[in-house]
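Model the following, please.
(2 chains)
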2 protein chains.
Amino acid sequence: MAEALTSEAILAATEEVLRRYGPAKATVVDVAKALGVSHGSVYRHFATKAALREAVTRRWLDAQHAAMEPAFDQGFTAAEMLRAWLQKLFDRKRHSHVEEPELFATYLVLVRESRAIPEFHIEHLVGQLARIIRAGVDTQEFVTDDVRKTALAVWDATDRFHHPAHAQEWADPHIQDAFDAVVSLVIAGLRYNRIPSAAGDA
Amino acid sequence: MAEALTSEAILAATEEVLRRYGPAKATVVDVAKALGVSHGSVYRHFATKAALREAVTRRWLDAQHAAMEPAFDQGFTAAEMLRAWLQKLFDRKRHSHVEEPELFATYLVLVRESRAIPEFHIEHLVGQLARIIRAGVDTQEFVTDDVRKTALAVWDATDRFHHPAHAQEWADPHIQDAFDAVVSLVIAGLRYNRIPSAAGDA
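Residues are numbered from 1 along each chain as shown, chains lettered A, B, ... in the order given. Have a look, this model is predicted:
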């Protein structure tokens, strides 16, 4: 293949190789073979196998983040936007885990390979949450002194519905009821929340 | 040893053997040896190794549940009692995981061996939570139409601080701040909560 080899083509091929062989077996040689090039050509774009895998993971997460981008529609309350956002995140994760368990497991391995990646992922989603909460504060629907801290609290309080450690629970027939109850409690809290600045304040 | 062999003595010896050898290696023969009796004598009290292990686990959980029993002190608000209860649970779990990691891992294996045991454990603790929430409803400090459902929501919303899948996060230097923020959000929610009876209510 004499055509110019682009980083994008390498990333797409790597994603396909990872799907096919799994994260434990996939190699740079497999990627090069899939592209009909030498592995040296791949290394000219990505210096190490780790760098290539991290680039694939970031590309995949960028797509996830773009899909989760909240729509600020004037017709909805902040509570409705927050519930819809959390539901969408839960539905996407649950769908991925139940319908594509191997792909879910693959990306779980990839995300955990680098310390920076999980942080990048969580920061991005908590940032989206913070923007929804900020919108609620602006319309006086929500009360908080610290939007970012509150967004983190909402993220933590709903982790049963997005943290992969809980993925086995997502097939539970009552999981949607559990989700609804937690989200209602969280939204009620946002309407009335005041995070204590000092410990000891109950 | 000709003295009467009691179930209690067998359970205490089994706990000691499990601590020493770990759950994968500990056998009924080890327990019998520790007691200076034949393994047949142990089987006269516990028909199978599984039954013996389950009995040890229930005995240990009973002690955990007794230690978590909420004190209903008139001098405290329901919010204060709830925060103290959640903090105590978190402190006990975190202490156990950090200070006695092998024992923590042992009981985690034991608890998960039987399908009935995790349910028994969670039901008991959620029952304690429900009693605290009920006390808050009685004094009109908390609002909810369904105490049990709300207790489950509080349990789920705080799972980062008691579910063993999150144990690795408990050494994080910011974990107490995260706990405080989630508990504040949950308590604010209890003061203002109304779990929707139909979906669609945001």
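
following the least confident helix or strand in chain A by mean pLDDT, which helix or strand shows up next?
Across the helices and strands of chain A, mean confidence by mean pLDDT, DSSP states H and E is lowest for helix A:101-113: a mean of 89. Tracing the chain C-terminally past helix A:101-113 and defining elements by DSSP states H and E, one meets helix A:116-138 next.

List the buried residues in that next one.
Of the residues in helix A:116-138, those with enough neighbours to count as buried (16 or more other Cβ atoms under 10 Å in any protein chain shown) are A:117, A:120-121, A:125-126, A:128-137. C-beta here means a position set from N, CA and C on the backbone, and glycine is covered the same way.

Taking helix A:101-113 as reference, get the angle to that helix.
90 degrees (axes from the mean of the first three to the mean of the last three Cα atoms, to 10 degrees).

Tell me which residues touch A:Val137, please.
The contact partners of A:Val137, taken as Cβ atoms under 8 Å, 6 or more residues apart in numbering or on different chains, are A:143-144, A:147.

Most neighbours among those residues, which one?
In terms of neighbour count, A:Thr144 stands highest of the contacts of A:Val137 at 24 neighbours, by other Cβ atoms under 10 Å in any protein chain shown.

so what's the most centrally placed residue in chain A up against?
Averaging the C-alpha coordinates of chain A gives a centre point, and the residue nearest to it by Cα atoms, centre = their mean is A:His121 (5.4 Å). Under the criterion of Cβ under 8 Å, 6+ apart, the contact partners of A:His121 comprise A:61, A:64-65, A:111.

Tell me which two of those sit farthest apart.
The largest distance within those, taken as Cβ to Cβ, falls between A:His65 and A:Val111 and amounts to 12.7 Å.

Would you map out the domains in chain A?
Taking automatic domain parsing as the domain assignment, the record places the domains of chain A at A:7-47, A:57-190.

can you list those domains in a markdown table and add distance to B:Val56?
Below are those laid out as a markdown table (distance: least, Cβ to Cβ, whole Å):
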| stretch | distance to B:Val56 |
| --- | --- |
| domain A:7-47 | 37 |
| domain A:57-190 | 25 |
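
Let me see the contact set for A:Gly127.
With contacts taken as Cβ under 8 Å, 6+ apart, A:Gly127 has the following neighbours: A:Ala151.

those helices in chain A, which residues are they?
Shown for chain A, the helices assigned by DSSP state H span residues A:7-21, A:28-35, A:39-45, A:49-68, A:78-99, A:101-113, A:116-138, A:147-157, A:175-190.

How about the residues of chain A by chain B?
A:77, A:79-80, A:82-84, A:149-150, A:152-154, A:156-160, A:163, A:165-166, A:177-178, A:180-182, A:184-196, A:199, A:202 (Cβ under 8 Å from any Cβ of the partner chain).

pLDDT score assigned to the residue nearest to A:Gln128 when sequence neighbours are not counted?
Counting by Cβ to Cβ, 6 or more residues apart in numbering or on different chains, A:Gln128 lies nearest to A:Pro70, which is 5.5 Å off, once chain neighbours are set aside. Reading off the per-residue confidence, A:Pro70 sits at a pLDDT of 92.

isn't A:Ala171 right up against A:Val98?
Yes - A contact is recorded between A:Ala171 and A:Val98 when judged using Cβ atoms under 8 Å, the distance being 6.4 Å.

Could you tell me which ranges of chain A sit under the pLDDT cut-off?
In the predicted model of chain A, residues A:1-3, A:193-202 satisfy pLDDT under 70.
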